[in-house]
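A.B. asks: give the three-dimensional model of this entry:
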Amino acid sequence: MSPQRLIMAVFFLQALAFGSWIPRIPDIQEKLGLSPAELALTLLGTATGTLATLPFAGRLASAIGGRATIIYGFYAYLAAVCLPGFAWNGPMLYLALAVLGATLSIIELGMNVEADAIEKETGSAIMSRCHGFWSLGMMAGSLIGAGFAGLTLEPRWSLLIAAILSLPICLYVSMRLPVPQATETGDDATSVKRFQLPGKPLLAICFFLFGVTMAEGAIADWSGVYLRDIFFTSGVATGLGYALFSMTAAGGRFIGDWMRGRFGPVMTARLCGVTLLFGLVIVLLAPVTAIAFAGFALIGFGVSVGFPLGVTAAASLTDRPPASSVAILTFVAISGFMVGPPMIGFVAEYSGLREGLAMLLPPLILSLFLTGSLRPKGRPPKHEPVVAGEIL
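C.D. replies: As a prediction, the model looks like this:
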């Protein structure tokens, strides 16, 4: 396999393991007897671990390189992905998810660093397709998790089986990645460490992406619970909503470069933003499960290109090095991904899940109004810039 195909396989395999956890959230909630608000608090564990580890993960990847970060990261990550299934109460679930979030930030940073290095080495842009394979991995993983749920296998055993079967494949693929000839350093790497307050153009891009990633995080954590509580689904059907979401998100990412070239970044973002809002309204008003499934599919396509368009626009700003802009944008994107689920849980505790998901409407409308900020302001990046974590 070429280096390009190998790194795409790494993106797929990393998401495959995490995707198998998503459909088991309703089962774990029921097993631990957590209310929506209590579940929302435990889900903050992933945000805590991810955001706390992100600066350390960046220094680690700079020191040992993307390839080594991926290899060592897979050991810790695949062990951590099993932990939520073994939690015996809410606080332990929070701690398990914090550990999982910490390992996520490390391996995802390594994946993106390595993808960027391969882009520069080969001269072919692959970052968007890597994100597409990540979405395919999430879809496949969610189907596997839903299948285990359909077999009534306990979450702890389904997560453990998925991790054990994935480990040798993940290590085989990652060890075949090209060995770096030399550690690459430069002005961008140094400048990212010096914090500067973002200007108005970057803030607008950040607010645009915050709404999109809020929706993505909300669907990841609450789609299964929503289908179970609103439409009384069980087994495979509970995880099908997220599987459809992941499938259309992957499709959007695979054609995202073509859409940007054909319609431009602003129009592409507006088309996807309208699709996202329309899909959310369908999910909120759906009278039957099949229509809700269609809504989840539309939401997936709607969020698909938000992150690639955001990082491209941020990298074109001339007031700071591209890596510095993208680092700030990545932090905001991850924050949005993690803030959405607990916000919905707190509202759902007192008003219901439909009302909880409806809280996504205002930030998504704001994102739609801010799509004009995605128009490149200056230098177009030669490649997709290195990013500090994967949301998509």
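A.B. asks: tell me where the stretch 151-300 of the chain has helices.
C.D. replies: 155-175, 187-192, 200-231, 236-254, 256-263, 265-285, 289-303 (DSSP state H, counting those that start in this stretch).
A.B. asks: now do the longest one and helix 236-254, the angle between them.
C.D. replies: What that stands for is helix 200-231. 160 degrees (axes from the mean of the first three to the mean of the last three C-alpha atoms, to 10 degrees).
A.B. asks: try the first one
C.D. replies: The directions of helix 155-175 and helix 236-254 differ by 20 degrees, with the same axes, to 10 degrees as the criterion.
A.B. asks: name the residues that touch helix 155-175?
C.D. replies: By C-beta atoms under 8 Å, 6 or more residues apart in numbering, the residues outside helix 155-175 that reach it are 6, 9-10, 13-14, 16-17, 20-21, 24, 27-28, 31, 67, 70-71, 74-75, 78-79, 81-82, 84-86, 141, 144-145, 148-149. C-beta coordinates here come from the backbone N, C-alpha and C atoms, glycine included.
A.B. asks: in it, what's buried?
C.D. replies: 155-156, 158-160, 162-163, 166-167, 170-171, 173-174 (16 or more other C-beta atoms under 10 Å).
A.B. asks: let me know the closest of those residues to Phe56.
C.D. replies: Ser174 (20.3 Å; C-beta to C-beta).
A.B. asks: which pLDDT value does the model give that closest one?
C.D. replies: Per-residue confidence (pLDDT) for Ser174: 90.
A.B. asks: again with Arg194
C.D. replies: 49.
A.B. asks: going forward, count from 58.
C.D. replies: From this message on, residue numbering opens at 58, which makes the last subject Arg251.
A.B. asks: lowest average confidence across helices and strands of the chain, where is it?
C.D. replies: The weakest-scoring helix or strand in the chain, judged by mean pLDDT, DSSP states H and E, is helix 244-249 (a mean of 44).
A.B. asks: low-confidence ranges, the stretch 208-357 of the chain, go.
C.D. replies: For the stretch 208-357 of the chain, residues meeting the criterion pLDDT under 70 lie at 238-255.
A.B. asks: thinking again about what came up before, turn the helices of the stretch 208-357 of the chain into TSV, including distance to Val396.
C.D. replies: TSV is the format used below for the helices of the stretch 208-357 of the chain (distance: least, C-beta to C-beta, whole Å):
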stretch	distance to Val396
helix 212-232	25
helix 244-249	23
helix 257-288	6
helix 293-311	19
helix 313-320	24
helix 322-342	17
helix 346-360	15
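A.B. asks: I'd like to know how far Trp78 sits from Ala371.
C.D. replies: Trp78 sits 30 Å away from Ala371, taking C-beta to C-beta, to the nearest Å as the criterion.
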